[in-house]
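Asker: Next input, structure requested:
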Amino acid sequence: MTDQAPPAYSGPRRVLSGVQPSGALHLGNYLGALVKFARLQHEVETFIFVADMHAITVWQDPKLLAGQVREITAAYLASGLDPKVATIFPQSAVPQHAELAWIFNCVARLGWLDRMTQFKEKSGKHKERSSVGLYTYPVLQAADILLYKATEVPVGDDQRQHLELTRDVAAKFNHDFEVPAYFPLPDALTQGPGARIMSLRDGSAKMSKSDPSDNSRLNMLDDADTIAQKVRKAKTDPEPLPATLEELKGRPEAENLIGIYAALDGRSSDAVLAEFAGQGFGAFKPKLADLAVAKLGPVGDEMRRLMADPAEIDRVLADGAERARAAAAPTLAEVRKIVGFWGA
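Answerer: Numbers count the residues shown, from 1 in each chain. Got it, this is the predicted structure:
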């Protein structure tokens, strides 16, 4: 007699993702996440939150945090997310996230968390000085996802390990409490072109808001002159652009700039190379600068317009929080009953 595979989850398809309000958003966030959120909202039920509970795993100035939440929300809206279509909300406004995270803390195993490489990278040599929240961050992330029974999660390479932990938590909960297929085992949505935008100063390092050099990134709130200047200063090499991607290998800065052009223009890198093959960066960079200004400039302008009206952003967040709580409440009520809590 062989063990039968557990039944598959049969609930509706849902997507969930979020961004931490812990620094200025940049081109990598825009191309790797925000424009894809905007597309997904028309294909599948979509929940997009501002991860302020995750943000405080490292120190955040309480006087600035609410404003940072509004800035992320403005970026969502300026990038094309429609609050009437997608549910956009602050994580901390839905208390079910924290309660489910505690239950999952009692499901997840220490060994799973000990294997999380991101904690090791963020804590460095000072693990004992890091917050417990930073260590258990992946369990809260599992609660974020499974609270809405999300079946797919857009993730970058640095979050794949956390999604695997989410799948482990879901499978163990379903098994331990004898509720087969109660929680889905969510799949990673591969980001495709534009998912990994690299630094303008170092083609081997990911574009990051934590990089001390502001010239390493194109911020979503940079004005047109700043965008053009940063593109002109971007690190390159002296060789002309080749005709094929194969010939571009080993040239990380050139490969990055071609990838950025392709993602902004909605084309393949092959198509971009076919247009610019044989040309040097003196000819290519001005075209890339013009394209970046044309694509990012209006987004930054719309963000500034939205941020000038915080009351409107707050209305979007309040409405989204109400809808998110309505979606989350039945799941948590069922989980409380499954676990055996009094009064559930």
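
Asker: switch to C-alpha atoms for all contacts and neighbour counts from now on
Answerer: Will do.

Asker: Report the spatially nearest residue to residue 9, omitting neighbours in sequence.
Answerer: residue 181 (4.7 Å; Cα to Cα, 6 or more residues apart in numbering).

Asker: Give me the mean pLDDT for the helix or strand encompassing residue 36.
Answerer: Element membership of residue 36, judged by DSSP states H and E, is helix 35-40. For helix 35-40, the mean per-residue pLDDT is 92.

Asker: Which residues does that helix contact?
Answerer: 15, 46, 48, 79, 80, 81, 82, 191 (Cα atoms under 8 Å, 6 or more residues apart in numbering).

Asker: how far away is the residue nearest to residue 9 from residue 163?
Answerer: Noted for residue 181: a distance of 17 Å to residue 163, by Cα to Cα, to the nearest Å.

Asker: Look at these two and report which has more neighbours.
Answerer: residue 163 (24 against 18; other Cα atoms under 10 Å).

Asker: and residue 134, how many residues sit next to it?
Answerer: Residue 134, neighbours per other Cα under 10 Å, totals 19.

Asker: Look at it and report its pLDDT.
Answerer: 88.

Asker: one step back: next secondary structure after the helix holding residue 36?
Answerer: Taking DSSP H and E, what comes next after helix 35-40 is strand 45-50.

Asker: average pLDDT across the one helix or strand residue 18 maps to?
Answerer: Assigned by DSSP H and E, residue 18 falls within strand 14-19. If you average the pLDDT over strand 14-19, you get 95.

Asker: ok, so of the contacts of helix 35-40, who is nearest residue 239?
Answerer: Distance to residue 239, by Cα to Cα, is smallest for residue 191 among those, at 29.8 Å.

Asker: Show me what the lengthiest helix in the chain is packed up against.
Answerer: In the chain, with assignment by DSSP state H, the single longest helix is helix 310-339. With contacts taken as 3 or more Cα pairs under 8 Å, 6 or more residues apart in numbering; DSSP states H and E, helix 310-339 sits against helix 62-78, strand 87-90, helix 96-105, helix 132-147, helix 281-307.

Asker: switch to 10 Å and redo it
Answerer: Using 3 or more Cα pairs under 10 Å, 6 or more residues apart in numbering; DSSP states H and E, the elements in contact with helix 310-339 are strand 45-50, helix 62-78, strand 87-90, helix 96-105, helix 132-147, helix 160-176, helix 281-307.

Asker: Check the gap between the residue nearest to residue 9 and residue 175 for me.
Answerer: Counting by Cα to Cα, the gap from residue 181 to residue 175 is 9 Å.

Asker: quick one: common contacting residues for those two?
Answerer: In terms of Cα atoms under 10 Å, 6 or more residues apart in numbering, residue 181 and residue 175 are both contacted by the residues residue 6.

Asker: tell me the SS of residue 222?
Answerer: coil (DSSP: H, G, I helix; E, B strand; the rest coil).

Asker: how about the nearest residue to it, chain neighbours excluded?
Answerer: With sequence-adjacent residues excluded and distances taken as Cα to Cα, 6+ apart, residue 222 is closest to residue 300, at 6.9 Å.

Asker: Please look at the one you found and residue 76 and confirm they touch.
Answerer: No - in this structure, residue 300 is not within contact of residue 76 by Cα atoms under 10 Å, at 11.3 Å.

Asker: Between those two, which is the more surrounded one?
Answerer: residue 76 (26 against 22).

Asker: In the stretch 51-200 of the chain, where is pLDDT below threshold?
Answerer: Residue ranges of the stretch 51-200 of the chain with pLDDT under 70: 119-125, 157-158, 191-195.

Asker: ok, now with 80
Answerer: By pLDDT under 80, the weakly predicted segments of the stretch 51-200 of the chain are 117-130, 155-159, 190-196.

Asker: residues touching residue 5, list them.
Answerer: Applying Cα under 10 Å, 6+ apart, no residues contact residue 5.

Asker: Which secondary structure state does it sit in?
Answerer: coil.
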